[in-house]
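Undergrad: sequence-free structure coming up:
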């Protein structure tokens with residue numbers, strides 16, 4: 001019997017900020033050949049010796065320039081089946097809250113970014129399943145207070 005392996009080598013981060021009393025989600029448009037022109041949230045690989053939450057902080061800094069955020073484990077996962085590699089990729093999702101006046105400095109991996117309402121973000125994300133992750137985040141981290149026991153650090 002052949003098995004489909006599961007690989008967990010990366011993370012995903014949904015950044016949120018309050019604009020006029022409503023949370024907005026950061027989406028970025030990919031510029032590189034992998035997923036070119038796809039709108040998505042922050043994602044990246046876990047480097048050797050790194051914990052997933054450390055990778056989340058690093059990827060946020062690399063992709064947006066942000067170093068000041070409150071980070072939480074979302075207790076959910078991104079999931080993709082790779083047709084070429086015949087494996088299931090799974091990545092823990094994190095939620096980062098940033099200040100309302102937070103500036104974004106995107107790196108070369110992206111060509112554009114937008115702060116969108118949850119509905120706009122769910123309508124904009126390109127990969128099937130990303131909308132479900134966003135709905136989960138809205139339900140558990142926006143409509144309810146973020147659970148303290150899922151906070152990274154502090």
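TA: Sure thing, it's come through. As the structure is a prediction and not an experimental result, all values here were calculated from the model.

Undergrad: now residue 89, nearest residue through space, not along the chain?
TA: Leaving aside its sequence neighbours, residue 89 sits nearest to residue 80 (C-beta to C-beta, 6 or more residues apart in numbering; 4.7 Å). In short, each C-beta sits where N, CA and C put it, glycine included.

Undergrad: Doesn't the one you found lie inside a strand?
TA: Yes: counting by DSSP: H, G, I helix; E, B strand; the rest coil, residue 80 falls inside a strand.

Undergrad: Distance check, it against residue 15.
TA: Here the distance between residue 80 and residue 15 works out to 20 Å (C-beta to C-beta, to the nearest Å).

Undergrad: and the two? which has more neighbours close in?
TA: More crowded of residue 80 and residue 15, by other C-beta atoms under 10 Å: residue 15, with 26 against 15.

Undergrad: Run a quick check on that one versus residue 42, I expect a contact.
TA: Yes: contact criterion C-beta atoms under 8 Å: residue 15 and residue 42 qualify, at 6.6 Å.

Undergrad: Mind listing the shared neighbours of these two?
TA: Residues touching both residue 15 and residue 42 (C-beta atoms under 8 Å, 6 or more residues apart in numbering): 26, 60, 64.

Undergrad: need these in a markdown table with neighbour count and secondary structure, can you?
TA: Listed next are those as a markdown table, based on neighbours: other C-beta atoms under 10 Å; DSSP: H, G, I helix; E, B strand; the rest coil:
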| residue | neighbour count | secondary structure |
| --- | --- | --- |
| 26 | 25 | strand |
| 60 | 24 | helix |
| 64 | 24 | helix |
